[in-house]
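**Student:** This is a predicted model, with the sequence first.
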Amino acid sequence: MGLNIVGTVDKVNGNKLSYSNFVEKYLSKNEPVVITGLMDDWRACKDWVFDDGRPNLQFISSTFGNSKVQVADCGSREFTEQKRFDMSVSEFIAKWIDFSSVEHDNPSINNLNGKTLLYLKDWHFVKIVGVPRV
C-alpha cells in the first residue's frame, strides 16, 4: 500500500517574492510553498557544502573540530536508549568517513565489520561556537 500524493507545491525564489504577494497567494489560502534563494549568500551554504550539496567534511572538521559533541551509537543500547558518549567533531567526522568507506548492501546496517554507525546528537552549535559572522 503506497502513498498517493496529489497536487504540487510551488517553488518560489524568495528574493523575488514580496511579503504582500506571499500573504495573498500562500498564507491567506493556507497553501504550502517552497521558498528558495534566501540563504544563497550565507557562508554556511558556501563553505560548509560542495556545489552538489554534499557536506564539506574537511572544512567542518578543521573549523569546528575541537567542539565537544554528544554522539549516539546506533548499534548499541543502554537501558532503553542508544548508548551515548562525548567526542570532538573531528573525531566524529573521521569515524563518519571511515564508516562511509565500507560498501553496504543494506543502508540500515548499524554495525559492519566492527565499524559502528554514529549519530551526532543535539550539537548546540551556537552555544558552543557562537554566532558566526555573516
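**Tutor:** Looks like it came in fine. Residues are numbered from 1 along each chain as shown.

**Student:** the bottom helix or strand of the chain by mean pLDDT?
**Tutor:** Least confident element among the helices and strands of the chain, by mean pLDDT, DSSP states H and E: strand 111-112 (a mean of 52).

**Student:** Give me the domain ranges for the protein.
**Tutor:** Domain segmentation of the chain under automatic domain parsing yields 1-38, 43-129.

**Student:** Deepest in the core, which of those domains is it.
**Tutor:** Comparing the domains of the chain by mean neighbour count (mean count of other Cβ atoms under 10 Å), domain 43-129 comes out on top with a mean of 13. Just so you know, the C-beta spots here come from the backbone N, C-alpha and C atoms, and that holds for glycine as well.

**Student:** Show the end-to-end separation of that one, please.
**Tutor:** This stretch, domain 43-129, spans 15 Å end to end (Cα to Cα, to the nearest Å).

**Student:** what's the answer for stretch 38-54, then?
**Tutor:** Terminal residues of stretch 38-54 are spaced 19 Å apart (Cα to Cα).

**Student:** Give me the average confidence score over it.
**Tutor:** Average pLDDT, stretch 38-54: 89.

**Student:** Same question for stretch 68-79.
**Tutor:** Computed over stretch 68-79, the average pLDDT equals 84.

**Student:** Please put the alpha-carbon coordinates of that stretch into CSV.
**Tutor:** Taking C-alpha atoms only, stretch 68-79 is exported to CSV below (Å, rounded to 0.1, in the frame of the first residue of the first chain):
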residue,chain,number,x,y,z
LYS,A,68,32.8,18.5,22.0
VAL,A,69,29.5,16.9,21.0
GLN,A,70,27.3,14.1,22.2
VAL,A,71,27.2,11.1,19.9
ALA,A,72,24.7,8.2,19.9
ASP,A,73,25.9,4.7,18.9
CYS,A,74,23.0,3.5,16.7
GLY,A,75,24.1,-0.2,17.1
SER,A,76,24.3,-0.3,20.9
ARG,A,77,21.5,0.1,23.5
GLU,A,78,22.0,1.3,27.1
PHE,A,79,18.8,0.8,29.1
